[in-house]
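Colleague: sequence? don't have it. structure:
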């Protein structure tokens, strides 16, 4: 029984950390916990997708992707992989080498756009606006990544560039998105979700400045901060979308997908979107399918 209950985490023995500021065993334990949360949430979403109505699975698909990537990213970090040693010369921690985990930036490159696309679909903004916001998020993340690998105080220039991109992103999601959501009568839910997301996004620049930026806090402490933020931003937001989406009119949102594409963008009649009882074996007439414009 003692062998079964024995607690062991030998990740740092198999993949030894490097540098003066490095991941601790307790930090690895925490990262394994976050990994489990992401993978468990992924399995829940993957199971629930089979219960979702046909053509109303877009938010499931988006967050399944983000949750799986989160599991992979946190698995890598928990196993002490996906990092490089960077000298911390010319500022706090002078002469020390810090583990910079580039893996977390890979996660943000996926997390942020998924949430932006989900918010954009809910508000009904144009795809042009959504693409613009996605690129802003990539500018934000890549600027922080380059700043983390910059040895001198010039890293703060990249921090400013990334933060400017974040501020532009926040302005668009809070202002333009809310304005457009009124047209679709989703203002209440959109404002709640966008406000929640932007509150969490506000904490990322602060976390970066204290961790990879100024080296004020250690690796384990920074991962506790980032881990909590990522869980709240991705996992909690995913379940918020899942619960709230039950009351949304997908036709009004322009998200009623069929095998022919989006209903509101395709001319013609689509019998599969009518209310046919499940299991009746109803199939669209061949003439209708042939006459539809793809």
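Modeller: All right, it came through fine. Fair warning: this is a prediction, and the values are worked out from it, not measured in the lab.
Colleague: Show me where the stretch 1-150 of the chain has its strands.
Modeller: 83-87, 97-101 (DSSP state E, counting those that start in this stretch).
Colleague: Please identify the most buried of these.
Modeller: Among these, strand 97-101 has the highest mean neighbour count (mean count of other CB atoms under 10 Å), at a mean of 22. To be clear about C-beta, it is placed using only N, CA and C from the backbone, and glycine gets the same treatment.
Colleague: so it versus strand 83-87, what angle?
Modeller: Here strand 97-101 runs at an angle of 150 degrees relative to strand 83-87 (axes from the mean of the first three to the mean of the last three CA atoms, to 10 degrees).
Colleague: Is residue 200 in contact with residue 232, as I believe?
Modeller: Yes: if you go by CB atoms under 8 Å, residue 200 and residue 232 touch, sitting 5.6 Å apart.
Colleague: So if I had to pick from these two, which one is more boxed in?
Modeller: Legend: neighbour count by other CB atoms under 10 Å for residue 200 and residue 232, higher for residue 200 (18 against 15).
Colleague: Pass me the low-pLDDT residue ranges in the stretch 1-150 of the chain, would you?
Modeller: 1-7, 54-55, 89-95 (pLDDT under 70).
Colleague: one more time with 80, if that's ok
Modeller: Across the stretch 1-150 of the chain, the ranges flagged by pLDDT under 80 are 1-8, 19, 51-56, 88-95.
Colleague: quick one, helices of this structure?
Modeller: 2-5, 11-14, 25-48, 58-78, 103-123, 127-148, 155-171, 177-184, 187-208, 219-230, 237-244, 250-253, 286-291 (DSSP state H).
Colleague: could those be laid out in a markdown table, adding distance to residue 88?
Modeller: Putting the helices of the chain into a markdown table (distance: least, CB to CB, whole Å) gives the following:
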| stretch | distance to residue 88 |
| --- | --- |
| helix 2-5 | 40 |
| helix 11-14 | 21 |
| helix 25-48 | 18 |
| helix 58-78 | 20 |
| helix 103-123 | 18 |
| helix 127-148 | 11 |
| helix 155-171 | 10 |
| helix 177-184 | 39 |
| helix 187-208 | 14 |
| helix 219-230 | 12 |
| helix 237-244 | 33 |
| helix 250-253 | 48 |
| helix 286-291 | 63 |
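Colleague: Relative to residue 86, which of those helices is closest?
Modeller: helix 127-148 (7.0 Å; CB to CB).
Colleague: what angle sits between the closest one and helix 103-123?
Modeller: Computed by the same axes, to 10 degrees, the angle separating helix 127-148 from helix 103-123 equals 160 degrees.
Colleague: Which other helices and strands does helix 127-148 contact?
Modeller: helix 103-123, helix 155-171, helix 187-208 (3 or more CB pairs under 8 Å, 6 or more residues apart in numbering; DSSP states H and E).
Colleague: what sits up against that helix?
Modeller: Outside of helix 127-148, the residues within contact range by CB atoms under 8 Å, 6 or more residues apart in numbering are 86, 100, 102, 105, 108-109, 112-113, 116-117, 120-121, 155-159, 161-163, 165-166, 168-169, 172-173, 176, 208, 212-213.
Colleague: For the residue most central in space within the chain, list the residues it contacts.
Modeller: The structure's the chain has its C-alpha centroid closest to residue 111; by CA atoms, centre = their mean the separation is 1.9 Å. Applying CB under 8 Å, 6+ apart to residue 111 gives the contacts 66, 69-70, 230, 233-234.
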